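Trainee: mind looking at a prediction? Sequence and model below.
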Amino acid sequence: MTSPPRPLRVALFEDSLLLREGLIRLLDEAGLTSAGAYGDAVDIVARVRENAADVVIVDVRMPPTFRDEGVRAALEVRAALPHVGVLVLSQYVEGVYARELLGAGEGGVGYLLKDRVASLDELTDAVQRISAGGTVLDPLVVQQLVLAGPDPVAMLTPRERDVLAAMAEGRSNGSIAQALFIGVGAVEKNISAIFTKLGLEDSGNDHRRVRAVLAYLQRTA
């Protein structure tokens with residue numbers, strides 16, 4: 001018999017003790033395994049490597065200055081351990097770092113806002129999708145990234161902007177159609193127009209589409 005896959009190992013970097021302990025219990029309840037929980041992001045690469053983490057959850061603002069230590073640490077993980085998924089879980093949208101983080105690899109990355117994670121299932125799904133190489137973004141993060149793009153984004157119609165935002169969230173064509181109450185054919189036509197207007201090659205792979213859009217936003221910001 002084939003042995004069942006081992007539970008995902010998640011390393012947590014969060015300075016709030018109460019939130020850190022709460023997240024540990026939630027992840028355990030979801031069947032995930034703790035690969036360490038820390039109140040700072042010092043030596044994050046060594047800690048992640050030592051504990052064989054599959055996914056890292058990190059806050060943006062951490063000790064000692066509470067500015068951008070966490071997201072800088074996330075970038076270190078992306079550079080040194082590209083096979084490890086990274087989920088930024090924060091109260092803030094840091095647009096510049098978000099674009100850099102999202103454009104720094106082949107997927108396995110997410111950016112969610114703490115106050116907008118509605119359930120344990122949502123968090124668990126995000127961790128699993130990121131571990132599998134997917135991209136998970138809060139719509140508010142997407143909105144700020146899209147708004148950061150100058151004139152070429154302004155060339156898009158309102159419907160194309162809606163579709164672009166949904167693409168950047170990692171949605172499939174069917175999911176976009178459901179969310180926007182339009183047909184799948186209409187979604188495909190909007191996607192084709194988006195890539196034409198932004199000068200990007202079309203791709204049938206959801207993550208590649210998201211990565212192309214984010215790479216464009218990073219290039220023009």
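Mentor: Right, received. Where do you want to start? The structure displayed is predicted, hence computed values, not measured ones.

Trainee: mind checking what secondary structure the residue nearest in space to the middle of the chain has?
Mentor: The chain has residue 110 as the residue nearest its centroid, 1.3 Å off, counting by CA atoms, centre = their mean. On the three-state scheme (DSSP: H, G, I helix; E, B strand; the rest coil), residue 110 is labelled strand.

Trainee: that one reaches residue 131, doesn't it?
Mentor: No. With contacts counted by CB atoms under 8 Å, residue 110 stays clear of residue 131, the gap being 10.2 Å. Bear in mind the C-beta positions are built from the backbone N, C-alpha and C, glycine included.

Trainee: shared neighbours of these two, anything?
Mentor: Residues touching both residue 110 and residue 131 (CB atoms under 8 Å, 6 or more residues apart in numbering) are residue 85.

Trainee: helices of this structure, start to end?
Mentor: Ranges of helices within the chain are 17-29, 44-50, 69-80, 95-102, 120-131, 139-148, 151-154, 158-168, 173-180, 184-198, 206-220, based on DSSP state H.

Trainee: would CSV of these with distance to residue 63 and mean neighbour count be doable?
Mentor: Below are the helices of the chain laid out as CSV (distance: least, CB to CB, whole Å; neighbours: other CB atoms under 10 Å):
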stretch, distance to residue 63, mean neighbour count
helix 17-29, 12, 14
helix 44-50, 13, 18
helix 69-80, 7, 21
helix 95-102, 17, 20
helix 120-131, 24, 18
helix 139-148, 24, 18
helix 151-154, 37, 12
helix 158-168, 31, 20
helix 173-180, 38, 17
helix 184-198, 40, 17
helix 206-220, 28, 19
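
Trainee: from residue 60, how far off is the residue nearest to residue 47 when sequence neighbours are not counted?
Mentor: Nearest non-adjacent residue to residue 47, counting by CB to CB, 6 or more residues apart in numbering: residue 36, 5.8 Å away. Noted for residue 36: a distance of 19 Å to residue 60, by CB to CB, to the nearest Å.

Trainee: so what's residue 155 up against?
Mentor: residue 197 are the contacts of residue 155 under CB under 8 Å, 6+ apart.

Trainee: pLDDT wise, what is it at?
Mentor: pLDDT for residue 155: 73.

Trainee: from residue 25, how far off is it?
Mentor: 48 Å.

Trainee: one more: residue 115?
Mentor: Distance, residue 115 to residue 25, by CB to CB: 19 Å.

Trainee: check residue 120 too.
Mentor: Distance from residue 120 to residue 25, by CB to CB: 10 Å.
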